[in-house]
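Asker: One predicted model, sequence on top.
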Amino acid sequence: MTTTQTSPETERATVARGRRTLLGIAALFFVPLAVSFWLYYSGGWRPAGATNHGELITPARPLPEVAFTLPDGTTSARADLLRGKWTLLYLGGGGCTEDCRKALWTMRQTRQLLAEQIDRVQRVFIVRSDCCNMDFLGKEHPGLEVVKADDPSTRDFFALFPATDPTHSIYVVDPLGNLMMRFDARENPKGLLSDMKKLLKLSHIG
C-alpha cells in the first residue's frame, strides 16, 4: 500500500488558504456593519428618510482620561470613567439650576426607557463649580456618577466640548471615550431616546 506524504510547504500553503477563507467569511459579516456605522454617524451620509435628533460632532473627539475628584474632595479611582459604556453626560454647576435638573431628568428617563439595553448606558454629571447639592442628586438621581473637574488642569478637557449653549446640552460619549453627539435638553426627550436606540443597535461595543 502506498502512503502519500505531504510536504511542509504544501501543509503551510493549505493552512494559509484556510485562514484566508475564514477571514473572508468573517469580513462578509463584519465589514458591512463597520462601514454602515461609520457612514451613518461619522461620514455624513444618511439613507433617504433617516434622521437623527442630536447634533453629530464630526469628527468625533477623543476625550483624555482625567483624574476627576469626588464631591467629598477625594480623587476618583476611575480615570477611565468615560470608557467602557455609552455615556450620557452633563456639564454644569453643582448647585443644579432648573436647566440642569431638566437635563438630568432627560438623561435618567432616556436610560430607563432603553429597557434591556439599560446596562450599556451610564449617566455622568461633571461639576465645574459650586459642588454639590448631593441631597437633591442622591434623592432624584440614584446611580448618577457625580464628579468634580474644577482644577485648572482640566481646561484642555473642556476645550474639546462645543461652545454652543452648554447649559442646555446633553453630550453622548461612546464606549471608547469619543465625544460624538450633542443633544439640546429643551427638545423633545423622545429624540434623544431615538438616537440612543439607533446607536446601541448599530454598535456591539459597550
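Answerer: Cool, the structure landed.
Asker: Dig out what the nearest residue to Val172 once chain neighbours are set aside forms beta bridges with.
Answerer: Spatial nearest neighbour of Val172, excluding adjacent residues (Cβ to Cβ, 6 or more residues apart in numbering): Met181 at 3.9 Å. Heads up, the C-betas are built off the backbone N, CA and C, glycines and all. Applying DSSP bridges to Met181 gives these bridge partners: Leu56, Val172.
Asker: So Met181 versus Thr164, what's the distance?
Answerer: With the distance defined as Cβ to Cβ, to the nearest Å, Met181 ends up 12 Å from Thr164.
Asker: Give the residue from those two that has the larger number of neighbours.
Answerer: Taking other Cβ atoms under 10 Å, Met181 and Thr164 do not tie; Met181 has more neighbours (24 against 10).
Asker: Now do that one, the pLDDT please.
Answerer: pLDDT for Met181: 95.
Asker: rewinding a little: give me the common contacts of Met181 and Thr164.
Answerer: Glu55 (Cβ atoms under 8 Å, 6 or more residues apart in numbering).
Asker: how much space is there between the residue nearest to Val172 and Leu89?
Answerer: With Cβ to Cβ as the criterion, Met181 and Leu89 are 10 Å apart.
Asker: which residues touch the residue nearest to Val172?
Answerer: Counting by Cβ under 8 Å, 6+ apart, Met181 touches 52, 54-57, 171-172, 195.
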